[in-house]
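1. Coordinates for the following, if possible.
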Amino acid sequence: MGDAPAISVVVPTFRRPMLLERCLLALVGQSLPRDHFEIVVVDDGHDDTTSECVAALAALANAPSIRYLRPAQGRGPAVARNTGWRSARAAWVAFTDDDTLADAQWLACGLAAMAAHTDWVAAAGCVQVPRLGLSAEVDDRPTDHELMTRGLETSEFVTANAFVRRDALLRVDGFDERFLRAWREDSDLQFRLQQLGPVGRAREAKVWHPVRPERWGVSLRQQRNVFFDALLYRKHPQVYRSRIRSVPPWNYYAIVVLTGAAPILVLSGLPGPAATALAAVALLMLRLAVSRLRHTSHAPRHVLEMLVTSAAIPFLSVYWRLRGAWHFRTLFL
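-> Numbering: from 1, shown residues only. Here you go, the predicted model:
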């Protein structure tokens with residue numbers, strides 16, 4: 001096997017060979033010498049097209065060692081990342097995603113930051129989300145989806161750009177594989193790593209995370225993520241309330257309760273209070289839509305999407321929150 005590289009890059013992927021190829025080409029172009037790093041691609045989709053893509057890039061004359069793995073069992077990014085780092089040969093492991101583009105100095109800057117702070121157990125790099133740059137005649141404000149993606153730029157620690165000591169990963173047993181979606185598994189790892197030592201900030205280690213096109217109503221599908229907020233809350237209740245969400249979304253619960261109360265009031269011969277309850281529901285839904293539109297596009301199609309999805313989000317969110325609380329046996333609202 002020869003000498004171990006200075007750093008191993010773990011890239012989980014799931015049936016997105018075109019995005020993966022773009023990601024790997026950026027990694028192949030790193031400024032580090034080829035023998036200073038390796039790339040470990042973990043294919044959670046067990047996809048032959050992905051395998052062929054990795055093999056073609058590994059055969060490039062200027063490529064570092066690129067290995068292709070498939071998890072033996074389980075699904076999800078936590079399983080894939082655990083499979084990757086456990087096979088890594090370096091003392092430091094860098095994590096990124098298959099839809100990112102690493103700056104050419106990414107690994108060099110990450111290694112430099114950690115060499116300067118030997119007490120760090122991990123470091124978060126800088127994630128930059130390119131602006132879509134729509135013409136001013138249309139609307140240069142972001143969509144709700146783009147604004148959510150931009151949140152990566154201010155996140156404390158995300159696996160789109162993270163560096164972790166391999167021995168620290170061993171001590172905390174890596175990612176919790178109960179996080180089946182790409183949501184909160186990185187926060188959980190961060191909180192556990194911080195019990196071992198400082199998690200620093202490698203600001204010069206940059207990756208780009210372009211906004212991917214999404215189908216209409218993406219915010220509705222994203223409500224399933226809240227299921228895993230319950231798991232994060234169960235494991236780190238005080239940290240969750242202090243750094244993730246200080247209070248439950250009481251407006252969502254009010255919408256659900258008032259909507260359920262309206263037909264009961266009608267059947268009880270109280271149409272006036274029922275109408276008041278529904279008016280309150282409509283007002284709360286409108287306030288939610290307005291808050292989502294405050295810093296986002298006012299294009300007619302986007303406004304319509306915000307109005308419709310704001311009427312459904314409270315019900316979906318409460319459903320997934322309570323389902324997560326039940327599944328993980330925690331008092332999570």
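
2. In this structure, where's the longest helix?
-> helix 300-327 (DSSP state H).

3. Tell me which residues of that helix come out buried.
-> 302, 305-307, 309-311, 313-314, 316-318, 320-322, 324-325 (16 or more other CB atoms under 10 Å). From N, CA and C alone the C-beta is placed, and that goes for glycine too.

4. give the contact list for the closest residue to Tyr319 other than its chain neighbours.
-> Distance criterion CB to CB, 6 or more residues apart in numbering; nearest residue to Tyr319, sequence neighbours excluded, is Gln223 at 7.9 Å. Counting by CB atoms under 8 Å, 6 or more residues apart in numbering, Gln223 touches Ile313, Leu316, Ser317, Tyr319, Trp320.

5. and the residues you listed as JSON lines, adding pLDDT and distance to Gly74?
-> Shown next, in JSON lines, are the contacts of Gln223 (pLDDT from 0 to 100; distance: CB to CB, whole Å):
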{"residue": "Ile313", "pLDDT": "98", "distance to Gly74": "30"}
{"residue": "Leu316", "pLDDT": "98", "distance to Gly74": "26"}
{"residue": "Ser317", "pLDDT": "98", "distance to Gly74": "27"}
{"residue": "Tyr319", "pLDDT": "98", "distance to Gly74": "25"}
{"residue": "Trp320", "pLDDT": "98", "distance to Gly74": "21"}
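
6. Where do the helices of the stretch 151-300 of the chain begin and end?
-> For the stretch 151-300 of the chain, applying DSSP state H, counting those that start in this stretch gives helices covering 166-172, 185-193, 218-221, 226-235, 237-243, 250-267, 271-293, 300-327.

7. Throw those helices into TSV and include distance to Ser87, thanks.
-> Listed next are the helices of the stretch 151-300 of the chain as TSV, based on distance: least, CB to CB, whole Å:
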stretch	distance to Ser87
helix 166-172	11
helix 185-193	18
helix 218-221	32
helix 226-235	25
helix 237-243	30
helix 250-267	42
helix 271-293	42
helix 300-327	31
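
8. coming back round to it: and the longest helix of the chain, what does it pack onto?
-> In terms of contacts (3 or more CB pairs under 8 Å, 6 or more residues apart in numbering; DSSP states H and E), helix 300-327 is packed against helix 144-150, helix 218-221, helix 226-235, helix 250-267, helix 271-293.

9. next one: it to chain centre, how far?
-> How far helix 300-327 lies from its chain's middle: 18 Å, per CA atoms, centre = their mean, to the nearest Å.

10. cool, and stretch 56-75?
-> Taking CA atoms, centre = their mean, one finds the center of stretch 56-75 at 23 Å from the center of the full chain.

11. Then stretch 276-284?
-> 33 Å.

12. Could you do stretch 204-214 as well?
-> With CA atoms, centre = their mean, you get 12 Å for stretch 204-214.

13. again, but for stretch 324-333
-> Counting by CA atoms, centre = their mean, stretch 324-333 comes out at 21 Å from the chain centroid.

14. Can you give me the end-to-end span of it?
-> For stretch 324-333, the separation between the terminal residues is 10 Å (CA to CA, to the nearest Å).

15. residues in contact with that stretch?
-> Under CB under 8 Å, 6+ apart, the answer for stretch 324-333 is Val226, Phe227, Phe228, Asp229, Ala230, Leu231, Tyr233, Arg234, Pro237, Pro248, Tyr253, Arg321.

16. where does the protein dip in pLDDT?
-> Filtered on pLDDT under 70, the chain yields the residue ranges 1-2, 133-139.

17. tell me the domain boundaries of it?
-> For the chain, automatic domain parsing gives the domain ranges 7-214, 218-333.

18. what's the most buried one of these?
-> Of all these, domain 7-214 has the most neighbours on average by mean count of other CB atoms under 10 Å, namely a mean of 18.

19. just to revisit the earlier point, with distance to Arg201 added, can I get the helices and strands packed on helix 300-327 in a markdown table?
-> What follows is these, written out as a markdown table (distance: least, CB to CB, whole Å):
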| stretch | distance to Arg201 |
| --- | --- |
| helix 144-150 | 18 |
| helix 218-221 | 29 |
| helix 226-235 | 21 |
| helix 250-267 | 33 |
| helix 271-293 | 30 |
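
20. list the helices and strands the helix or strand harbouring Ser51 packs on?
-> Ser51 is part of helix 48-58 when elements are defined by DSSP states H and E. If contacts are counted by 3+ CB pairs under 8 Å, 6+ apart, helix 48-58 sits against helix 17-28, strand 37-43, strand 65-69.

21. out of the contacts of stretch 324-333, who's nearest Leu193?
-> Leu193 lies nearest to Leu231 out of these, by CB to CB, at 17.2 Å.

22. thought that closest one was touching Arg184?
-> Yes - with contact defined as CB atoms under 8 Å, Leu231 and Arg184 form a contacting pair (7.1 Å).

23. For Asp97, list the residues it contacts.
-> Contacts of Asp97 by CB under 8 Å, 6+ apart are Val11, Pro12, Cys23, Thr159, Ala160, Ala182, His209.
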